[in-house]
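# The amino acid sequence is not available; the structure is as follows:
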């Protein structure tokens, strides 16, 4: 870093008794006593004030965002009727969903697994809808297991 050789206020040559102490100093001792400690920090204070003013002006000059408008396609399956949320409370809804578990298959309907070879070399255990089908990742691959072992009985 370059150190100043002359005082920035009066132009008097700076005498360096110890280079470490005066490395960043730009004022001679009489000028630093006359101007005080604020003289060193004055450029930083000015920069901070200008930055704060620019930020404030920019924040107030920014246009307000447009209102949020959600449009639906003409062929949307959703109805235009307002939603009535007061019919069931969230707790009642959770209890109703827990009792009628739509993800589990009926007792008489069989569930199958994919059975295709994975990278590990083991059969895939993802559930599929019908016998002989593969999951989305293994479409077109043959099964490792016979069809009788692909059925999951409830």
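Sure thing, it's come through. Since the structure is predicted, the reported quantities are computational estimates derived from the model, not experimental observations. Numbering: from 1, shown residues only.
# contacts, neighbours, all on C-alpha from now
Fine.
# Tell me which helix or strand residue 47 sits in.
Assessed by DSSP states H and E, residue 47 sits inside helix 38-61.
# State the pLDDT value of residue 10.
pLDDT recorded at residue 10 is 86.
# Kindly report the same for residue 95.
At residue 95, pLDDT is 52.
# With the one 10 residues further on instead?
Looking at residue 105, its pLDDT is 46.
# What about residue 113, how many residues nearby?
Residues near residue 113, counting by other C-alpha atoms under 10 Å, number 25.
# what's the residue nearest to it when sequence neighbours are not counted in contact with, if anything?
Nearest residue to residue 113, sequence neighbours excluded (C-alpha to C-alpha, 6 or more residues apart in numbering): residue 127, at 4.4 Å. Residues near residue 127 by C-alpha atoms under 8 Å, 6 or more residues apart in numbering: 111, 112, 113, 114, 135.
# hmm, back to that, identify each buried residue in the helix holding residue 47, please.
By 16 or more other C-alpha atoms under 10 Å, helix 38-61 has no buried positions at all.
# which residues touch it?
residue 32.
# picking that back up, any idea how far the residue nearest to residue 113 is from residue 121?
Distance of residue 127 to residue 121, given as C-alpha to C-alpha, to the nearest Å: 18 Å.
# What is the burial count for residue 33?
For residue 33, the neighbour count with other C-alpha under 10 Å is 11.
# and it, what pLDDT?
78.
# Need the three-state assignment for it.
Assigned with DSSP: H, G, I helix; E, B strand; the rest coil, residue 33 falls in the helix class.
# let's number from 23 now, not from 1
Noted, 23 is the first residue going forward, which turns the last one into residue 55.
# Sounds good, over and out.
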